[in-house]
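S.K.: Quick one: sequence plus predicted model below, questions after.
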Amino acid sequence: MNDKIEQAEVMLSNLLALQHPTESTFIIGHDDVVVTLRTAVEMLIEEQDRRIGSRHID
């Protein structure tokens, strides 16, 4: 698996681990959740673009 995909997976798994055990909220701040989600999505998009771009080079 690619490093960026693995990093995004770890970030998203960490967010899931930070869910409050009994409430529908996270143990960390809302802004931190949003930044982490945006970063993970950006990493996945970059990797997708890289893979699509490498197909055109062949």
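M.R.: Thanks, I have it. Only a predicted model underlies this, so the values are computations on that prediction, with no experimental measurement involved.
S.K.: only C-alpha atoms for contact and neighbour calcs from this point on.
M.R.: Noted.
S.K.: For the chain, give the helix that spans the most residues.
M.R.: Looking across the chain with DSSP state H, the single longest helix is helix 30-57.
S.K.: roughly how far is that one from the heart of the chain?
M.R.: Relative to the centre of its chain, helix 30-57 is centred 8 Å away, using CA atoms, centre = their mean, to the nearest Å.
S.K.: T22: neighbouring residues, count only.
M.R.: Per other CA atoms under 10 Å, the neighbour tally for T22 reads 6.
S.K.: Next: I28.
M.R.: 12.
S.K.: Then A8?
M.R.: 19.
S.K.: Am I right that it is in contact with I45?
M.R.: No - counting by CA atoms under 8 Å, A8 does not reach I45; the two are 10.5 Å apart.
S.K.: Now for these two: what residues contact both?
M.R.: Common neighbours of A8 and I45, counting by CA atoms under 8 Å, 6 or more residues apart in numbering, are absent.
S.K.: Name the nearest residue to the residue most central in space within the chain, sequence neighbours excluded.
M.R.: The residue lying closest to the centre of the chain (CA atoms, centre = their mean) is A40, at 2.4 Å. In space, and not counting its chain neighbours, A40 is closest to A8: 4.7 Å by CA to CA, 6 or more residues apart in numbering.
S.K.: residue contacts, S24?
M.R.: S24 is in contact with no residue at all, counting by CA under 8 Å, 6+ apart.
S.K.: swap that for L44, sorry
M.R.: For L44, the contact set (CA under 8 Å, 6+ apart) comprises 4-5, 8.
S.K.: measure D32 to F26 for me?
M.R.: 10 Å (CA to CA, to the nearest Å).
S.K.: More neighbours: which of the two?
M.R.: Counting neighbours by other CA under 10 Å for D32 and for F26 shows that F26 has the greater number, 16 against 12.
S.K.: Which residue, other than its chain neighbours, is closest to that one?
M.R.: Nearest residue to F26 in three dimensions, chain neighbours excluded: Q19, at 4.4 Å (CA to CA, 6+ apart).
S.K.: So what does that neighbour look like in phi/psi?
M.R.: Per-residue torsions, Q19: phi -70, psi 140 (degrees, to the nearest 10).
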